[in-house]
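> any chance you can model this:
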Amino acid sequence: MKRIWVILLAVTLVLVLAACAAPQPEATSAATQQQQEPVTTQDTEPTATTQDVEPTAAVQDNSGGGTVINSVSNAVFTFAVTGINRYDLSDGSEAIIIDCAVTNNSDKEQVISSLLCFSATDTSNNKLSSSLDAVMEVATRGVNLVTLDGDVAPGATLKGSLYFSAAKGTRVNSITFSPVLSESLTLQLGGI
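Residues are numbered from 1 along each chain as shown. Below you'll find the model as predicted:
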């Protein structure tokens, strides 16, 4: 049984690397601004803390309500942060779970990987660590976690979360989305 999991993992890794090696399309000079539905924060257990955030660039959603904390666009993608949750971890650190939405503005399917396409910095510009261990620990508490991974059809929006671990009290300054087939987008969050 372990061998099957190893083979499946290897095949998945090969597919992700193949998607990363594709040539980049020509970018157009006009940026497409789109608004998307916010990702709602899942119900969490009482030990979780949800941070109230002052929007740095609030965008009202057209689908009946909800606020996007901040978003940024180019000709291929619109990337938005819609929420942030923090969980105390057993090692004394904190899991920072950032709810996001990525809209494909292009006419071609795009591949998104939460581990390969995203990075974050704190207010001192130190890179935050993506943490599968934090994801696993929070998931064992019964919290429903959805990663920001998958294929996104033209015009579609992928919703999910990015996972980082850091010292308690760490504030997120920026998130950089570096898709394989497009220019990078950096979203300033101002220390949320």
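
> how about the strands in the chain?
49-50, 59-60, 67-68, 70-73, 77-88, 94-104, 110-112, 118-122, 129-130, 150-152, 157-166, 172-177, 185-188 (DSSP state E).

> need those in a markdown table with distance to residue 144 and mean neighbour count, can you?
Bear in mind the C-beta positions are built from the backbone N, C-alpha and C, glycine included. Compiled in a markdown table, the strands of the chain are given as follows (distance: least, C-beta to C-beta, whole Å; neighbours: other C-beta atoms under 10 Å):
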| stretch | distance to residue 144 | mean neighbour count |
| --- | --- | --- |
| strand 49-50 | 15 | 12 |
| strand 59-60 | 26 | 14 |
| strand 67-68 | 21 | 18 |
| strand 70-73 | 24 | 20 |
| strand 77-88 | 12 | 22 |
| strand 94-104 | 11 | 23 |
| strand 110-112 | 19 | 23 |
| strand 118-122 | 20 | 20 |
| strand 129-130 | 19 | 16 |
| strand 150-152 | 16 | 16 |
| strand 157-166 | 10 | 22 |
| strand 172-177 | 22 | 20 |
| strand 185-188 | 24 | 16 |
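
> would you single out the least confident of these?
Least confident of the strands of the chain, judged by mean pLDDT, is strand 59-60 with a mean of 30.

> that older thread, just send the strands of the chain back as TSV, with distance to residue 139 too.
Shown next, in TSV, are the strands of the chain (distance: least, C-beta to C-beta, whole Å):
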stretch	distance to residue 139
strand 49-50	17
strand 59-60	30
strand 67-68	26
strand 70-73	27
strand 77-88	10
strand 94-104	10
strand 110-112	20
strand 118-122	19
strand 129-130	15
strand 150-152	18
strand 157-166	10
strand 172-177	21
strand 185-188	25
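
> figure out which of these is closest to residue 143.
strand 77-88 (7.5 Å; C-beta to C-beta).

> who are the packing partners of the closest one?
The helices and strands touching strand 77-88, judged by 3 or more C-beta pairs under 8 Å, 6 or more residues apart in numbering; DSSP states H and E, are strand 49-50, strand 67-68, strand 70-73, strand 94-104, helix 132-139, strand 172-177, strand 185-188.

> who does it pair with, and is each partner parallel or antiparallel?
strand 49-50 (antiparallel), strand 70-73 (antiparallel), strand 94-104 (antiparallel) (DSSP bridges).

> quick check: angle from that strand to helix 132-139?
70 degrees (axes from the mean of the first three to the mean of the last three C-alpha atoms, to 10 degrees).

> count the neighbours of residue 115 for me.
By other C-beta atoms under 10 Å, 14 other residues sit near residue 115.

> what does residue 139 give?
12.

> one step back: format the helices and strands packed on strand 77-88 as CSV; extra columns: distance to residue 146.
Converted to CSV, those look like this (distance: least, C-beta to C-beta, whole Å):
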stretch, distance to residue 146
strand 49-50, 16
strand 67-68, 18
strand 70-73, 19
strand 94-104, 9
helix 132-139, 11
strand 172-177, 17
strand 185-188, 19
